[in-house]
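A.B. asks: with the input below, show me the fold.
(chains A, B and C)
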Amino acid sequence: MPAPWLDELNPAQREAVTHGDGPLLVVAGAGTGKTKTLVCRVARLIEQGVPPQRILLLTFTRRAAAEMLARAGRLLGGRSGGGTAKVWGGTFHATANRMLRIYSQALGLRPDFTVMDQGDAADLMGLIRSELGLARGKRRFAQKRTLVNIYSRMVNAQEKLADAIRVHFPWCADDIDGVRRIIEQYTRRKREQNVLDYDDLLLMWNVLANAPEVGATVADRFDHVLVDEYQDTNPVQAELLRAMRVGRPNIMAVGDDAQSIYSFRAATVRNILDFPQHYPGTHVVTLEQNYRSTRPILEASNSIMEQARERYTKDLWSDRPSDQLPVLTTCLDEPNQCNEVCAKVLAHLEEGIPLQRQAVLFRAGHHSDQLEVELGRRNIPFRKYGGLKFVEAAHVKDMIAFLRILENPYDGMSWFRVLQLLPGIGPGNARRVIEVLRGDCAAEPAQPDALDQGVVSPLRRLFEQSPSVPPAARKLFAELRQALADCMGVTLDGEERTPPAPEGEPSSSSGAPPSLPAQVERLRRFYEPVFTEVYENPTIRLRDLEQLEQVAAGYRSRARFVTDLTLDPPEATSDLAQPPHLEEDFLVLSTIHSAKGCEWDVVHVIHAADGMIPSDMAVRDEAGVEEERRLLYVAMTRARDWLYVYFPLRYYHKRFALGDAHGYAQLSRYLTGSVGTHFERRSAYRDETDDRPVGTGSVGEVDAWLNRLLGP
DNA sequence: AATATCCGTATTTTT
DNA sequence: TACGGATATT
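C.D. replies: Okay, here's the model as predicted:
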C-alpha cells in the first residue's frame, strides 16, 4: 500500500519520513519543507500501525501542532483523519501540564494546581521584594521582571544563581543575596499556594520522567517522540526528553542551527549539535532544497549568514529564478517608512496579492506603533502577533483571577489581585483577609482531603465565616462572596437564594455548579460595575470581556479554560483598528520571533537600523550580536517572492529620557559590505511613486532642525 | 496605618 | 505607558 503522498517528497525528505526505528535528526534549513516532513512522518507512523495516542509531537506553539495534525489527518483521509486528534501534540509546557494532571499524585502535587504566567510570577516576586524591604534605600534593586528572568535563566539553563547573575545579569551582582532570599520565598509560596509557574512545569515533568518507577510508566506511553524547532530547546527540555527515551530509541528532532533565536529563554544550540552524542546511532538527514524563496532572496539571506562567526553546514539552494532582487529602501524617518510600507502593501494588493499573504516584521513589539496608527488611518485592516496579548490586559487578568480562585482557592496571588479591586482594600487589608481565609495560622498546609463537596477550605471559610473588611469595602465584598458562591453552586445562609440553575436543575443549598459560560457571565455581572470605577475607557475594555465570554462558550471545563488561557493565550490583541466593514483579509504584523515557521509572499522588514536590529539590549556580548544576525536571517527567509527591507535615516524618539531629541541612525551592521550587492537600493523620499508627496518627512525635518536650535 | 495619588524613569524577544 | 517609590490623604 504505497501512500501517494510519499511521491511528492524529495529524496532527503522521504528518507526522513520512511526512517525506521532509532533516533533521527533532521537538519532542515529555512523553507526546506520541514513541516511537511514532520506531517508526513506522523501520517506514515499512523499508517504503519502506531496508535496515534502513542505519538508525542512537541512544537513551539499549539497552533503549529494543531495545523500539523490537521494536515496529517488530511493525508490519511477517511474517518477522523486516522485518529490524529488522539496524538499528543503541543508545546512542552502544555504537554507538561497535561502529564502532571495525570501523574500529580506521584509527585505529591495536588491535581487542581493552577498555572502562573510570567506576569503573575513577576507580581509575586515584586510583592516579596517589597515585603523584604529590598526596594528601600537609594540603591536600585533588580526589578521584578529582572528577578523572574534571573530565576528562569538559572532554572532552565541549570546554572548556579551566582553564575547566572555573573554572566547574564552582571549589573545585579551586588544584589545576589537579596535575589537568593526572594527566590527562596517565591518557591515556598508557590508550593503553599498549589501554583506552578512555567518553569515548574518543565522541572516537574523532568523529575517525573526521571523518577525511579513512575518515570518508566510515563515514558512507556509513547512509541515515538517528535520534536520540532529543536534548536530552540533548553537544557531542561533536552534532559527530560532523554529521560523519556531511556531504552526507547524512537525520537525524531527537527531543527536548524542557523535559526536559533531563543537564547534569552536559555535555549542552546548545543542541543541540536550534540543530539548525535546524546542519542548514539542517530541517523542524520539534511534538507537543503529551499522551496519557499526565490533565488535572489535566498542568496541575500545566505550572504547574511556568510559573515556569521560559526559556519553552518547546510548549503541552501532554490530553483526558483527571479529577476526581482530584494529591495533595501532608505527612508527619511519613521513616518516616511510608514508611508512607504503602506504604499507597497497597497501596490501588491492591487496586483492581486491579498493582505494575508503579506507581513510586516520587526524586532520589538512597539516597533510597529506608528505603523499601526497609519494603517488605521488608511483603513487597512491588520492583525498583530506577538505584541501585548489579550490576556495581559489588567481587566482580563482580573477575570481570570476570579476563575482561578474557584479552581484553586489556595491561589494567593489571585486573591490578592481580586481583593484589591474593592475600595478601601490595598495590599495590607488584602493580606489580612487572605490570612483569615487560609485559616490564619500559616502552618496549615494545603491538604488534598480539604476537598469536600466541591468546596475547598478558603472558599468555604469565605462562605461560612465571612472575614471583616473595611467599611468602604463591605457592600462589594458581600457581592463578591455571593458571586463566588453562585459559581460554586452554593447557597449562602441568610442570603437570597441562588438564581435557578440554567438547565432546569433544582437549586439546592449545594447544587450542581452552573456551566462555565454561566459562571463567567455571573462574574462579569459582579465585575462590571467595579471595573467601570477602577479603569479608564471602560467601553473598549468591555468588549474584551465579551470576547472572553465568547471564548469561554467553547469550553466545558473551567480548569481547561483557565489553563489554556495562560499556556496558550489567544493570539493577537482584539483588532482595535477594525472598522465596521467585516473584511476577512488583513495584513499581518508580527515580531520576528513570532514569525518563526511562517511564510508570506511579500515580507516587509522594518527598522533595519543598528540599535533596532540588532537591538541595543543585545549587543553587550558577541553571542548577542550573533543571535541578532540569525534573527534578521529568520525574518528575511520568511519571504517567498518579494522582500523589502526598510531603513529610516533619523529617529526623533527621545532615546532614554535625557539627551538629544533625535538621532541619526546607522544602517544595520548586518546589511553593509558585500551583503548590499544582493539588494536593489531605493530611497523612499525620492521614489517616483504616484503616492502623495511625502509631506511628513519634510515637516519632520523642520522639526528636527528646530529641536537642534532648542537643544543645549 | 493604610490607601490613593502623583511623578520620574526605564523600555526585547515568549512558553 | 506602566511601574515603582514618595508623598498626600483618609
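
A.B. asks: what are the phi and psi values at the residue of the stretch 51-200 of chain A found nearest DNA strand C?
C.D. replies: Going by CB to the nearest atom of the strand, DNA strand C is nearest to residue A:135 of the stretch 51-200 of chain A, at 2.7 Å. C-beta here means a position set from N, CA and C on the backbone, and glycine is covered the same way. Dihedral angles of residue A:135 (phi, psi; degrees, to the nearest 10) stand at phi -80, psi -20.

A.B. asks: I'd assumed residue A:129 was in contact with it.
C.D. replies: Yes - the pair residue A:135 / residue A:129 is scored as a contact, 5.8 Å apart, by CB atoms under 8 Å.

A.B. asks: and for the two, which residues touch both?
C.D. replies: residue A:141 (CB atoms under 8 Å, 6 or more residues apart in numbering).

A.B. asks: look at these two and report which has more neighbours.
C.D. replies: Taking other CB atoms under 10 Å, residue A:135 and residue A:129 do not tie; residue A:129 has more neighbours (23 against 16).

A.B. asks: for that one, which residues are in contact?
C.D. replies: Residues near residue A:129 by CB under 8 Å, 6+ apart: A:135, A:141, A:144, A:147, A:178, A:182.

A.B. asks: dump those residues into a markdown table; add pLDDT and secondary structure as well.
C.D. replies: Listed next are the contacts of residue A:129 as a markdown table, based on pLDDT from 0 to 100; DSSP: H, G, I helix; E, B strand; the rest coil:
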| residue | pLDDT | secondary structure |
| --- | --- | --- |
| A:135 | 74 | coil |
| A:141 | 85 | coil |
| A:144 | 90 | helix |
| A:147 | 93 | helix |
| A:178 | 89 | helix |
| A:182 | 91 | helix |
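
A.B. asks: filter these down to the buried ones, PyMOL style.
C.D. replies: Of these, the buried ones go into a single PyMOL selection, burial set by 16 or more other CB atoms under 10 Å:
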select buried, chain A and resi 135+141+144+147+178+182
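
A.B. asks: pick the one among the contacts of residue A:129 closest to DNA strand B.
C.D. replies: Taking CB to the nearest atom of the strand as the measure, DNA strand B lies nearest residue A:144 of the contacts of residue A:129, at 10.9 Å.

A.B. asks: name the nearest residue to the closest one, sequence neighbours excluded.
C.D. replies: Of all residues not flanking residue A:144 in the chain, residue A:126 sits nearest, at 3.5 Å (CB to CB, 6 or more residues apart in numbering).

A.B. asks: element containing that neighbour?
C.D. replies: Following DSSP states H and E, one finds residue A:126 within helix A:118-131.

A.B. asks: return the distance of that helix from the chain's centre.
C.D. replies: 20 Å (CA atoms, centre = their mean, to the nearest Å).

A.B. asks: cool, and stretch A:540-553?
C.D. replies: Centre-to-centre, stretch A:540-553 and its host chain are 20 Å apart (CA atoms, centre = their mean).

A.B. asks: what mean pLDDT would you report for it?
C.D. replies: For stretch A:540-553, the mean per-residue pLDDT is 83.

A.B. asks: doesn't residue A:522 make contact with residue A:514?
C.D. replies: Yes - with contacts counted by CB under 8 Å, residue A:514 reaches residue A:522, the gap being 6.9 Å.

A.B. asks: okay, these two: which has more neighbours?
C.D. replies: residue A:514 (23 against 20).

A.B. asks: that one belongs to a strand, doesn't it?
C.D. replies: No - secondary structure of residue A:514 (DSSP: H, G, I helix; E, B strand; the rest coil): coil, not part of a strand.

A.B. asks: can you give me the distance of it to residue A:482?
C.D. replies: Distance, residue A:514 to residue A:482, by CB to CB, to the nearest Å: 13 Å.

A.B. asks: repeat that for residue A:14.
C.D. replies: Distance from residue A:14 to residue A:482, counting by CB to CB: 64 Å.

A.B. asks: quick revisit: neighbours around the residue nearest to residue A:144, how many?
C.D. replies: If we define neighbours as other CB under 10 Å, then residue A:126 has 17 of them.

A.B. asks: go on, the one 5 residues further on?
C.D. replies: Burial of residue A:131 is recorded as 13 neighbouring residues (other CB under 10 Å).

A.B. asks: kindly report the residues of the stretch 551-700 of chain A close to DNA strand B.
C.D. replies: Residues of the stretch 551-700 of chain A found near DNA strand B (CB under 7 Å from any atom of the strand) are A:567, A:569, A:591, A:593, A:594, A:615, A:617, A:618, A:656, A:657.

A.B. asks: and the residues you listed, which of them are buried?
C.D. replies: A:567, A:569, A:591, A:593, A:594, A:615, A:618.

A.B. asks: what's the closest of those residues to DNA strand C?
C.D. replies: residue A:569 (16.0 Å).

A.B. asks: surely residue A:541 meets residue A:395?
C.D. replies: Yes - using CB under 8 Å, residue A:541 and residue A:395 qualify as a contacting pair, with a distance of 4.7 Å.

A.B. asks: overlap in contacts, residue A:514 and residue A:522.
C.D. replies: Contacts common to residue A:514 and residue A:522, judged by CB under 8 Å, 6+ apart, are A:486, A:487.
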